[in-house]
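**Q** Kindly generate the corresponding structure for this input.
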Amino acid sequence: MRISDRLKKLKPSATLAVNAKAQELKAQGRDIVSLAVGEPDFGTPGPRARGRQEAIDDGFTRYTPVPGIPDLRAAIAGYYAQTYGVCAKPENAIATCGGKQALYNLLMALLNPGDEVLIPRALLGELPRHGGAGRRRARHRAHHAGERLPRQRARP
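**A** Have a look, this model is predicted:
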């Protein structure tokens, strides 16, 4: 089987490497609080666990539409309207498995070959790869508010 050039260039997840190290240290008995993968250090709260079990008992176990089930999308739109005063329609809301997937989907939907992407230094470990997947990147250091960004040429 032939593997794509894009896949050959893919590197292991920096986030998962940090998480693996944290798990290794925990296994050695060290008291570690890992913020690597965004998982809480406590179990699922009772009401959510019961809701999940009710859904399973009711047979809600099939694949859902890619952007999320309609009720969830309506709840997301309602949350943004109530919290931020933004008029969002349910058909314009999507649910993802996490922040990285949302960023990846966004970047893949908006960027074209040759586009430049500004990537701040304080970022998720995988963002440069997602933002630059087959694209040119312009790297800049993070700046304070009001400070002018220097113009840099993108590297091919």
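
**Q** what residues does stretch 18-28 touch?
**A** 32, 34, 36, 37, 125 (C-beta atoms under 8 Å, 6 or more residues apart in numbering). Bear in mind the C-beta positions are built from the backbone N, C-alpha and C, glycine included.

**Q** Kindly reformat those residues as TSV containing distance to residue 53.
**A** As requested, the contacts of stretch 18-28 are exported to TSV (distance: C-beta to C-beta, whole Å):
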residue	distance to residue 53
32	30
34	28
36	29
37	24
125	34
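
**Q** Okay, and which of those map to strands?
**A** Among the contacts of stretch 18-28, no member falls in strands (DSSP state E).

**Q** need the strands for this protein, in chain order.
**A** 118-119, 138-139.

**Q** mean pLDDT lowest for which of these?
**A** Per-stretch mean pLDDT for the strands of the chain is lowest at strand 138-139 (a mean of 46).

**Q** Can you pick out the most distant pair from the contacts of stretch 18-28?
**A** 32 and 125 (18.0 Å; C-beta to C-beta).

**Q** what about the residue nearest the centre of the chain, distance to residue 107?
**A** Per C-alpha atoms, centre = their mean, the C-alpha nearest to the average position across the chain is that of residue 100, at 1.4 Å. According to C-beta to C-beta, to the nearest Å, residue 100 and residue 107 sit 11 Å apart.

**Q** Residue 60 too?
**A** Counting by C-beta to C-beta, the gap from residue 60 to residue 107 is 31 Å.

**Q** what's around the closest residue to residue 37 other than its chain neighbours, how many residues?
**A** Nearest residue to residue 37 in three dimensions, chain neighbours excluded: residue 19, at 4.7 Å (C-beta to C-beta, 6 or more residues apart in numbering). For residue 19, the neighbour count with other C-beta atoms under 10 Å is 17.
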